[in-house]
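Enquirer: Quick one: sequence plus predicted model below, questions after.
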Amino acid sequence: MEHVPLERLFEHFTEDEDLEALIARATYGSGTPQISWAKILEHRFAVVLGEAGCGKTSEFQAQTRHLKDTGRIAFFVRAEDLALENLQNAIDPDEAVQLDAWKQGDAEAVFLLDAVDEAKVTQQANAFERSLRRLRRDLGAACSRARVVVSCRISDWRHQTDLDTFKGFIEGFSPSSAAEAKGGKQCEPLIVTLARLDLPRIRVFASALDVDDIDSFIKALEEQDLDRLSGRPLDVEWLASHWRKYRSFGTITEILEANIADKLRERSDLRIRYDPLSLERAREGVEALAAATVLGKAFAIALPEEASLSGLTLRVVQPHRALPAWTEPEINALLNRPIFDQASRCRVRFHHRTTQEYLAAGWFNRQYASGVPYRSIRDLLIREVFGATYPVPSMIPVLGWLASKIPPLRSELRASGPGVMLFFGDASQIPVEERDAALRHLTSELSGGKRLPWIIEDSDYKRLADPRLSPLILELLSSEPSSDETCRMMLRLAGC
């Protein structure tokens, strides 16, 4: 499809971030000032990082056209082509004459060097260095009039080695001004990441994807908490395709299953030829990594270069420990899947926390199905202290998803954590009679003065609701005494 102008924004790439900041950024956005293309191009050198499907190539191509339309000189160059060919052959043949003319003049030009990650896949690890070396050589004396912007997948960007390579490339350029030469700031490139799409941009993009009833589409996203699963063009394309086909999103479990399967497929035609993973093996891998992050109370997963960095305060999962039987090419291929986003330098994280928790539950369920004793699984999720049984707080979201999968666990939760069973995960997958029993237990606790420590969203009630619960709702509303909390809960449930 043609490029859809979304006026994309960018955020400064943060090298080190504590756990709380990472969680807040992943859930609510960074809250930091965002950067436009105009601001990026004020810098002579910049790097744009982003996960698969975030729209890097589309943005580079569109920005090249925009610069030309506004009278500036710009060239779009694929890094994989430049690693093999000279600049003259790596650009569009129609632009070769323009390049020669530019070299003879005194105007400035912008070179947008795209997809360093694909150059690394199809060539060798030093493909980035070769591309930059060839670019500097072919620009010759005109390099003092060049601006260079590079793009790369976050999971393929090696913050130490690639940044050093880029700085070495910059040092070979002549300063473009006396002020730049005096300031000595030329070798500090701007490094940014593409910001998430917000709802106005999602609306524009979905309209361009022929979603005709756009208001219903956006409303469904918000009602089912799917707006946070739609931060990239790739996500919106998938959701729009699903909506056009079904005119609804189905249950949250159905959406997650379909979305995970889609995001575990390699998107790049170039990478598919070298891809060592089947869909099933990729699913096993992400479930293991999700379980490792949840059990280890870690938010990020280390990329290969993480091991060489010191002084990092954030706990991270080392993928080779979570996947001991996997080869390095398999791990690298997995971490490149669009199910992951950038976290900070040399780390990735799951694209959405709900997906992470759902996959972690899948890992537990896989262990249970393979014959691991229930007690061994249960002891990681439920604790007993002085005779009282309660869910492990950090495992509550995982327990919610597991409740619909493991019957013995569901039986325990009806008494020890009915709210977890009803309002986390997907209650629509739990038999109605068991929802009835859990609701009775929960409202009994509420009548005794207990308060739920969570905010319950409308989408949680919608997943719990079922017409067959109507007799229970009427019974609890008419019984004496009913707590105010019980009445509010039953009225919200009835409203679904």
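Expert: Okay, I see it.
Enquirer: use CA for all of it now, contacts and neighbours both
Expert: Noted.
Enquirer: Run through who's touching stretch 395-412.
Expert: Outside of stretch 395-412, the residues that reach it under the criterion CA atoms under 8 Å, 6 or more residues apart in numbering are 294, 357-358, 360-362, 364-365, 378, 381, 391, 413, 420-427, 429-430.
Enquirer: Filter those residues down to just the buried residues.
Expert: 294, 357-358, 360-362, 364-365, 378, 381, 391, 413, 420-427, 429-430 (16 or more other CA atoms under 10 Å).
Enquirer: Can you tell me which of those end up in helices?
Expert: Per DSSP state H, helices hold the following members of the buried ones among the contacts of stretch 395-412: 294, 357-358, 360-362, 364-365, 378, 413, 420-423.
Enquirer: Which of these sits closest to residue 225?
Expert: residue 423 (13.6 Å; CA to CA).
Enquirer: Distance of that closest one relative to residue 219?
Expert: From residue 423 across to residue 219, the span is 21 Å (CA to CA, to the nearest Å).
Enquirer: Distance check, residue 64 against residue 70.
Expert: The separation that residue 64 has from residue 70, given CA to CA, amounts to 10 Å.
Enquirer: Of these two, give the one with the bigger neighbour count.
Expert: Regarding residue 64 and residue 70, a neighbour count based on other CA atoms under 10 Å identifies residue 64 as having more, with 20 against 8.
Enquirer: For that one, list the residues it contacts.
Expert: 74, 75, 76, 112.
Enquirer: Which of those residues fall in helices?
Expert: Per DSSP H, these never map to helices.
Enquirer: got the phi/psi numbers for residue 491?
Expert: Main-chain dihedrals, residue 491, degrees, to the nearest 10: phi -70, psi -40.
Enquirer: What does the pLDDT read for it?
Expert: Note for residue 491: predicted pLDDT of 89.
Enquirer: And for residue 77?
Expert: At residue 77 the predicted local confidence, pLDDT, stands at 94.
Enquirer: mind listing what the spatially closest residue to it that is not a sequence neighbour touches?
Expert: Using CA to CA, 6 or more residues apart in numbering and skipping the chain neighbours, the partner closest in space to residue 77 is residue 113 (4.9 Å). By CA under 8 Å, 6+ apart, the contact set of residue 113 is 76, 77, 78, 79, 148, 149, 150, 151.
Enquirer: you'd agree the fifth one is up against residue 108?
Expert: No. Residue 148 lies out of contact with residue 108 (CA atoms under 8 Å); the separation is 11.0 Å.
Enquirer: Give me the more crowded residue out of these two.
Expert: Neighbour comparison, residue 148 and residue 108: the larger count goes to residue 148, with 22 against 17 (by other CA under 10 Å).
Enquirer: Remind me which helix or strand that one belongs to.
Expert: Of the helices and strands defined by DSSP states H and E, residue 148 is found in strand 146-153.
Enquirer: neighbouring contacts of that strand?
Expert: Contacts to strand 146-153, defined as CA under 8 Å, 6+ apart, come from residues 41, 43-52, 56-57, 108-117, 336.
Enquirer: all strands for the stretch 101-250 of the chain, in order.
Expert: 109-114, 146-153, 190-194 (DSSP state E, counting those that start in this stretch).
Enquirer: hmm, back to that, how about the ones in helices among the buried ones among the contacts of stretch 395-412 in CSV, adding pLDDT and distance to residue 126?
Expert: Formatted as CSV, these follow (pLDDT from 0 to 100; distance: CA to CA, whole Å):
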residue, pLDDT, distance to residue 126
294, 93, 35
357, 93, 37
358, 96, 38
360, 97, 36
361, 97, 40
362, 97, 38
364, 97, 40
365, 97, 42
378, 93, 48
413, 92, 54
420, 93, 50
421, 93, 51
422, 93, 53
423, 93, 50
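Enquirer: CSV please, covering those and showing distance to residue 454.
Expert: Formatted as CSV, the entries for these read as follows, by distance: CA to CA, whole Å:
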residue, distance to residue 454
294, 19
357, 17
358, 19
360, 21
361, 20
362, 24
364, 24
365, 25
378, 23
413, 17
420, 10
421, 13
422, 12
423, 9
